[in-house]
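> Sequence plus the predicted model coming up.
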Amino acid sequence: MPILVDIRKLTIIGKLIQHGAANVASSLSTMAGIDADIKIKSLSFVEPNDISREMGDGEMYHANIRLTEPPYGVFVMTFDDETAAEIAQHMTGQSAESGLNQMHESALQEICNILTSGFIDGIANTLETTIDMETPELERADTEAIAEQTLSHIRMDSLSIVLDSVVDLADDDTEFQLRIFLIPDPGSFVNIIDKLDIDEIREKDNLTELHDEDRAF
Amino acid sequence: MPLLVDVRQLSVINELISQGATNVAASFSTLAGVETTIDIQSIAFVDPADLPREIGADEVYAATIDLTEPPYGSFMLTFSKETAAVVAELVAGSPVEGDLTSLQQSALQEMCNICTSGFIDGFANTLETTIDMGTPDLTRTDGATILHSKLSHVDDEGIAIVLDSTIRVPEQGRELELHVYLVPAPGAFVNLLDRIDVDAVDRDDHSSVPS
């Protein structure tokens, strides 16, 4: 049986993701002392079968997490060697030109934890709930293998949301490019967004904007 | 009343957008007589009520048109004064000093015509249909005014697809920022999406990738 979603709810998906990104920015600032803007450059829907193609060719770093509460499914973040080296270098202040050392690797793991939990918590806040999750495990693998691992317990009629995002650091010219794959359980996800009302979300946005302005003055 | 679409059909939307954008680049190349590429910088689904904020408070050029065939609704292109000057120069061949000359003005209108029809045709091809349309209206105004004067009939209950794209003209080292807004009638849009065979669209996609 097909899973149906109200087309007008796509705007809510957009909002959820914006809120996830905003929360990542505040986690980065409070937990890692990094001031950055998180830009979601594009949101697209792809079929699960096309995920490995979306990830690109070759080996990538990836952090996979299974969500053990609604909307269930999997959250995957991928980035390439170049981005990994940039992040590691920025976090540790040590050159990563001759490969990543242990300190680099734990810095990377730390950043992945902050990014993933920040994002999922941001979505959960908007849903006025919490979403329990495991700690992501950072690995480097071929994209085909990542896709296989990611999809091992995913229904083929799932909806996958692919986000191209950029972490734009405030204090220098550096940008980290990350790709995020959200593959929720379709039934659970549709159920969640069905319950959300765009007007309520907009009201919340307006309140946050007011607060932001307060802070600015 | 909910307007339901199978979640698997949502991938069609991205296909529609990328075909539309590719077609815009091709049309623009023909018009300007130079090789151009188009990069989609961002894609978002927004609430039509938020469009003025998306468009911004500054005055922009806006080409708007109502679609008289499915998916109905409105299509709009917006671009800045700077982009307008670059286009006018590329197409009309004379540099812009102060106000646009009438030749430059018509070059701009022509660009809007071909980009609009390029996008809509790309859309229609993917849908295996045609979408008839006239020529867009080119005005210079700000986001709030555009919504009130041009998009007032747009259903608040609908969705707007917003694309920010960069058209590059490598030969001349020029870049143009073009914003594309599609606000379809939600019911008609769902209907179109529903009719497409996702696997067929995908197969076409694979075959068009040079191996």
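Cool, got the structure. Residues are numbered from 1 along each chain as shown, chains lettered A, B, ... in the order given.

> need the strands for chain A, in chain order.
Using DSSP state E, the strands assigned to chain A run over residues A:4-6, A:36-46, A:59-66, A:74-79, A:137-142, A:160-169, A:175-183.

> how about those in TSV, adding mean neighbour count, mean pLDDT and distance to chain B?
Quick note: C-beta positions are derived from backbone N, CA and C, even for glycine. Output for the strands of chain A, formatted as TSV (neighbours: other C-beta atoms under 10 Å in any protein chain shown; pLDDT from 0 to 100; distance: least, C-beta to the nearest C-beta, whole Å):
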stretch	mean neighbour count	mean pLDDT	distance to chain B
strand A:4-6	21	90	4
strand A:36-46	19	90	4
strand A:59-66	20	94	20
strand A:74-79	23	94	16
strand A:137-142	14	93	19
strand A:160-169	20	92	8
strand A:175-183	21	93	11
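
> Chain A contacts on chain B?
Counting by C-beta under 8 Å from any C-beta of the partner chain, chain B comes close to chain A at B:2-8, B:10-11, B:13-14, B:40-47, B:49-50, B:157-160, B:186, B:189-190, B:193, B:198, B:202.

> rerun that using 6 Å as the cut-off
Contact residues, chain B versus chain A (C-beta under 6 Å from any C-beta of the partner chain): B:2-8, B:10-11, B:14, B:42-47, B:157, B:159, B:186, B:190.

> By mean pLDDT, flag the weakest helix or strand of the chain.
In the absence of a named chain, chain A is used. The helix or strand of chain A with the lowest confidence, counting by mean pLDDT, DSSP states H and E, is helix A:198-216 at a mean of 64.

> my bad, chain B
Min over SSEs of chain B, mean pLDDT, DSSP H and E: helix B:198-208 (a mean of 55).

> check contacts around the residue nearest to B:Phe28 when sequence neighbours are not counted.
Leaving aside its sequence neighbours, B:Phe28 sits nearest to B:Thr36 (C-beta to C-beta, 6 or more residues apart in numbering or on different chains; 4.9 Å). The contact partners of B:Thr36, taken as C-beta atoms under 6 Å, 6 or more residues apart in numbering or on different chains, are B:25, B:28-29, B:167, B:169.

> Contacts only, for residue 140.
No chain specified, so I'll use chain A. Counting by C-beta under 6 Å, 6+ apart, A:Arg140 has contacts A:59, A:61.

> sorry, should have said chain B
B:Arg140 neighbours (C-beta under 6 Å, 6+ apart): B:59, B:61.

> 10 Å instead, please
When the contact criterion is C-beta atoms under 10 Å, 6 or more residues apart in numbering or on different chains, the partners of B:Arg140 are B:59-62, B:81, B:84.

> From those, which land in helices?
Among the contacts of B:Arg140, the residues falling in helices (DSSP state H) are B:81, B:84.

> ok, of the contacts of B:Arg140, which come out buried?
For the contacts of B:Arg140, a burial check counting by 16 or more other C-beta atoms under 10 Å in any protein chain shown picks out B:60-62, B:84.

> Tell me how far A:Ser98 lies from B:Ile65.
According to C-beta to C-beta, to the nearest Å, A:Ser98 stands 57 Å off from B:Ile65.

> which of these two has more neighbours?
B:Ile65 (20 against 6; other C-beta atoms under 10 Å in any protein chain shown).

> Which strand or helix spans that one?
Secondary-structure element containing B:Ile65, defined by DSSP states H and E: strand B:60-66.

> Run me through the strand neighbours of the helix or strand following that strand, direction for each.
Counting by DSSP H and E, the next helix or strand C-terminal to strand B:60-66 is strand B:74-79. Sheet pairing of strand B:74-79 (DSSP bridges) gives strand B:60-66 (antiparallel), strand B:174-183 (antiparallel).

> Output strand B:74-79 as CSV, nothing but the C-alphas.
Output of strand B:74-79 as CSV, limited to C-alpha atoms (Å, rounded to 0.1, in the frame of the first residue of the first chain):
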residue,chain,number,x,y,z
SER,B,74,2.1,31.0,-11.2
PHE,B,75,5.7,31.0,-12.3
MET,B,76,8.1,33.8,-11.6
LEU,B,77,11.7,34.7,-12.2
THR,B,78,13.4,37.4,-10.2
PHE,B,79,16.9,38.9,-10.5
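
> For that strand, give the mean pLDDT please.
For strand B:74-79, mean pLDDT rounds to 93.

> A:Phe75 against A:Asn64, yeah?
Yes. With contact defined as C-beta atoms under 10 Å, A:Phe75 counts as touching A:Asn64 (7.4 Å).

> So for the two, which residues contact both of them?
By C-beta under 10 Å, 6+ apart, the residues touching both A:Phe75 and A:Asn64 are A:116, A:136, A:150, A:181.

> ok, which pair from the residues you listed is furthest apart?
A:Thr116 and A:Thr150 (13.8 Å; C-beta to C-beta).

> In chain B, which residue is most central in space?
Central residue of chain B (C-alpha atoms, centre = their mean): B:Val180, 3.7 Å from the mean position.

> partner residues bridging it?
B:Leu77, B:Leu163.

> for it, what are its contacts?
Contacts of B:Val180 by C-beta under 10 Å, 6+ apart are B:17, B:20-21, B:24, B:40, B:43, B:75-79, B:115-116, B:119, B:161-165.

> Mind checking which of the residues you listed are buried?
B:17, B:20-21, B:24, B:40, B:43, B:75-79, B:115-116, B:119, B:161-165.

> shared neighbours, A:Thr116 and A:Thr150?
Joint contacts of A:Thr116 and A:Thr150 (C-beta under 10 Å, 6+ apart) are A:64, A:75-76.
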